[in-house]
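>>> Structure here, sequence nowhere to be found:
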């Protein structure tokens with residue numbers, strides 16, 4: 001069983017930066033795949049990026065070059081660093097964990113979820 005707790009959301013102006021944290025318990029974060037998703041009002045949950053067990057990453061095209069996922073094994077925490085934020089990045093952001101080894105990109109492939117954190121980017 002894996003528990004995930006997110007933090008770091010907030011309100012930022014366009015062009016600004018935020019870093020979201022996803023702290024895991026019940027399993028070493030180096031042994032799980034961490035995905036990040038977001039959901040804007042009235043829209044489906046959308047894949048943002050994923051960090052694999054062997055440090056491979058994959059991102060949706062709209063965030064490539066702006067967002068970075070990485071982890072700190074000592075803190076058992078994964079991070080989503082978001083730079084050059086745009087109003088269209090506004091959403092509730094979720095981290096998710098999968099105990100497999102593939103870089104999964106759809107929500108139903110993940111077994112464990114954080115509670116979500118709101119990111120609002122003003123223009």
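That came through fine. Small disclaimer: the values here were computed from a predicted structure and weren't measured.

>>> The closest residue to residue 16 other than its chain neighbours: what's it in contact with?
With sequence-adjacent residues excluded and distances taken as C-beta to C-beta, 6 or more residues apart in numbering, residue 16 is closest to residue 85, at 5.5 Å. Where C-beta positions appear, they are placed from N, C-alpha and C, glycine not excepted. Residue 85 makes contact with 12, 14, 15, 16, 17, 18, 66, 119, 121, according to C-beta atoms under 8 Å, 6 or more residues apart in numbering.

>>> Can you tell me which of those residues end up in strands?
12, 18, 119, 121 (DSSP state E).

>>> Please report which of these has the highest neighbour count.
residue 119 (22 neighbours; other C-beta atoms under 10 Å).

>>> and residue 67, bridged to which residues?
Beta-bridge pairing for residue 67 (DSSP bridges): residue 82.

>>> count of neighbours near it?
Residues near residue 67, counting by other C-beta under 10 Å: 21.

>>> Return the distance of it relative to residue 58.
11 Å (C-beta to C-beta, to the nearest Å).

>>> excluding its backbone neighbours, what's nearest the residue sitting nearest the centre point of the chain?
By C-alpha atoms, centre = their mean, the chain has its centre lying nearest to residue 36, at 2.7 Å. Once flanking residues are discounted, residue 36 sits nearest to residue 48: 4.3 Å by C-beta to C-beta, 6+ apart.

>>> again with residue 89
Nearest to residue 89 is residue 121, by C-beta to C-beta, 6+ apart, at 5.1 Å.

>>> Can I get the contacts of residue 85 in a markdown table including distance to residue 107 and pLDDT?
As requested, the contacts of residue 85 are exported to a markdown table (distance: C-beta to C-beta, whole Å; pLDDT from 0 to 100):
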| residue | distance to residue 107 | pLDDT |
| --- | --- | --- |
| 12 | 25 | 98 |
| 14 | 27 | 98 |
| 15 | 29 | 98 |
| 16 | 27 | 98 |
| 17 | 26 | 98 |
| 18 | 22 | 98 |
| 66 | 22 | 98 |
| 119 | 18 | 98 |
| 121 | 22 | 98 |
